[in-house]
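In: I would like the atomic coordinates for the input below:
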Amino acid sequence: MRTLSLLGLDAAERPRLNAASLRRLARLGTVVRWPGLLFAAILSLAVRPISPIGLALVLIWVASYNAWGMIAISRADDESILRIGRALTLLDTLSYFLVLFVFGGVGASTSIYAAYILLIVWMVAYDGAEGAMLGVGIFVVGMITHSLLAAEADSKSDVQQAIRKLSGKPNYSWTSTPKTEGAGQNWRQGPTEGKTEKGGYTYAAFTFNDTEVELAFHGDKSAIKRSGEWESADELEGGNNAWIGRRLKAFKPPAGEAEDLLGKAKSLKKEDGGIYSGGLTEEGVKELFSRIAAEFNPDLVVVKENEGHLRGREPGEVPRIIRTALLRAGLPESAVPLRMTEVEAARCALDWSRPGDVVLLLVHSAAARAEVLAMLEERRQAESSDPPSPTVNLRQ
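Out: Below is the predicted model of the structure:
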């Protein structure tokens, strides 16, 4: 009875096959790998891999050690040929699971799973029953590991495939409905209905409070219609509504916007109703807020902790990331104060403001909104004999 070492590269006794047979078997493996590489490349045309770059690296990796194997087999003596054959087979098992992960697992093709049978045949030929046990053991451990690693990637893969499918259509229509927690009467934006054609025009329309708004895009040109009049983004950028012009120029249809957000997502999970949710990476948060700072160019941004929406992060972590992004975007430190509650943030913004300023207060929790509204009422009464207070828009 032969006993294998941990990696299966040595045995206490010689296998049943003689050295000449082992050499032929190992050489056959180097021949079979080339059409295997071609098959994986062709499969990628029918089943798009999660990471095309990852697949390319795996194919280069397999081609490299297969080329090494061809040279090593031709130079090996009878005592070392078995170790080389086993080493190549173990490298094949590793590469197998790398390919499986790149293609996203079960949804790729049953041919990928059938290919593992060839690896078991090689192991049995080298080491008989012990080789079969080793092959099955590696498969079980590999599949468990793959399932754990692929669980998160599957959701991103589903979304990526949906984005590609939508982007490939000659045209499509969409409806998006904004959702604001605790929505009240100050901000009332209705659903946005739009349609786009590939390489052509994009049109969208929605209502904001009682105003009907229409948007039109074609190439790098964009325009907005409010109160019955059309204005181009270029015209808006020269006036008080420059931020609207910048927003128009930054607009992306749903497929492009979804792909942009997916690239910034740290992880995704599928919820009931086919909804995918997840948090942003730190770099994604920084990029998003850098873009906002560039578009709106505010005089003051009070960064606050949102106590009810930590999303798995430590208290203070999200404000730190946001503040760093705004500073990186060019805002001075004095323009980016940090407060740890929503009420403190609102008080800071109001204390800073002067008559004629526009202050936008984004207050999420119901308790904080009630306290901020009471604060505004107190200030209104205290300053009733003074010049008009700043225009305040409180999102509920």
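
In: just how off-centre is the longest helix anywhere in the chain within its chain?
Out: When the chain is parsed with DSSP state H, its longest helix is helix 116-167. Chain-centre distance of helix 116-167: 23 Å, with CA atoms, centre = their mean, to the nearest Å.

In: helices or strands up against the helix or strand following it?
Out: Helices and strands here follow DSSP states H and E; after helix 116-167, the next one along the chain is strand 171-176. In terms of contacts (3 or more CB pairs under 8 Å, 6 or more residues apart in numbering; DSSP states H and E), strand 171-176 is packed against strand 192-197. (Each C-beta comes from the backbone N, C-alpha and C, glycine too.)

In: for the stretch 251-396 of the chain, what spans make up the strands?
Out: For the stretch 251-396 of the chain, the strands defined by DSSP state E, counting those that start in this stretch occupy 269-271, 275-277, 303-304, 338-339, 358-362, 391-395.

In: list the buried ones in the second one?
Out: Neighbour counts using 16 or more other CB atoms under 10 Å place residue 276 of strand 275-277 among the buried residues.

In: shaky segments in the protein?
Out: Applying pLDDT under 70 to the chain flags residues 1-16, 104-113, 146, 148-154, 179-188, 238-240, 293-295, 308-312, 385-396.

In: on that earlier part again, can you redo the strands of the stretch 251-396 of the chain as a markdown table with distance to residue 141?
Out: A markdown table is the format used below for the strands of the stretch 251-396 of the chain (distance: least, CB to CB, whole Å):
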| stretch | distance to residue 141 |
| --- | --- |
| strand 269-271 | 26 |
| strand 275-277 | 30 |
| strand 303-304 | 46 |
| strand 338-339 | 47 |
| strand 358-362 | 49 |
| strand 391-395 | 52 |
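
In: out of those, which comes closest to residue 236?
Out: For the strands of the stretch 251-396 of the chain, the distance to residue 236 is smallest for strand 358-362, at 16.9 Å, taking CB to CB.

In: so how far is the closest one from its chain's centroid?
Out: 31 Å.

In: and that strand, which residues are buried?
Out: Of all the residues in strand 358-362, those buried under the rule 16+ other CB under 10 Å are 359, 361.

In: so what strands line up beside it?
Out: Applying DSSP bridges to the sheet, strand 358-362 is found paired with strand 391-395 (parallel).

In: before we move on, back to that, which one of the strands of the stretch 251-396 of the chain lies closest to residue 297?
Out: Evaluated over the strands of the stretch 251-396 of the chain, closeness to residue 297 peaks at strand 358-362, with 13.0 Å, by CB to CB.

In: got the CA positions of the closest one in CSV?
Out: The C-alpha atoms that make up strand 358-362 are tabulated as CSV, following Å, rounded to 0.1, in the frame of the first residue of the first chain:
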residue,chain,number,x,y,z
VAL,A,358,-29.5,79.6,1.0
VAL,A,359,-29.1,76.9,3.6
LEU,A,360,-29.9,73.3,2.7
LEU,A,361,-30.5,71.1,5.7
LEU,A,362,-30.5,67.4,5.1
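
In: Against residue 221, how distant is residue 197?
Out: Distance, residue 197 to residue 221, by CB to CB, to the nearest Å: 15 Å.

In: Can you spell out which helices and strands pack onto the longest helix of the chain?
Out: Applying 3+ CB pairs under 8 Å, 6+ apart, we find helix 116-167 packed against helix 19-46, helix 81-102, helix 254-264, strand 269-271, strand 275-277.

In: so which of the ones you listed is the most packed in?
Out: For these, the largest average neighbour count (mean count of other CB atoms under 10 Å) is found in helix 81-102, namely a mean of 21.

In: any idea of the angle that one forms with helix 116-167?
Out: In terms of direction (axes from the mean of the first three to the mean of the last three CA atoms, to 10 degrees), helix 81-102 departs from helix 116-167 by 20 degrees.

In: Who are the packing partners of helix 81-102?
Out: Using 3+ CB pairs under 8 Å, 6+ apart, helix 81-102 sits against helix 19-46, helix 52-75, helix 116-167.

In: Just checking the distance from the second one to the centre of its chain.
Out: Put plainly, it is helix 52-75. Computed by CA atoms, centre = their mean, the chain-centroid distance of helix 52-75 equals 30 Å.

In: Please write out the alpha-carbon positions of that helix in CSV.
Out: Extracted C-alpha coordinates of helix 52-75, given in CSV (Å, rounded to 0.1, in the frame of the first residue of the first chain):
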residue,chain,number,x,y,z
PRO,A,52,-11.9,39.2,-18.5
ILE,A,53,-8.5,40.4,-17.2
GLY,A,54,-8.6,37.7,-14.6
LEU,A,55,-9.3,35.1,-17.2
ALA,A,56,-6.5,36.3,-19.4
LEU,A,57,-4.1,36.1,-16.4
VAL,A,58,-5.2,32.5,-15.6
LEU,A,59,-4.7,31.5,-19.3
ILE,A,60,-1.2,33.0,-19.3
TRP,A,61,-0.5,31.2,-16.0
VAL,A,62,-1.5,27.8,-17.4
ALA,A,63,0.4,28.4,-20.6
SER,A,64,3.5,29.3,-18.6
TYR,A,65,3.6,26.2,-16.4
ASN,A,66,2.6,23.9,-19.2
ALA,A,67,5.5,25.2,-21.2
TRP,A,68,7.7,24.6,-18.2
GLY,A,69,6.3,21.1,-17.9
MET,A,70,7.1,20.2,-21.6
ILE,A,71,10.7,21.2,-20.9
ALA,A,72,10.9,19.5,-17.5
ILE,A,73,9.5,16.2,-18.8
SER,A,74,11.9,16.0,-21.6
ARG,A,75,14.9,16.5,-19.2
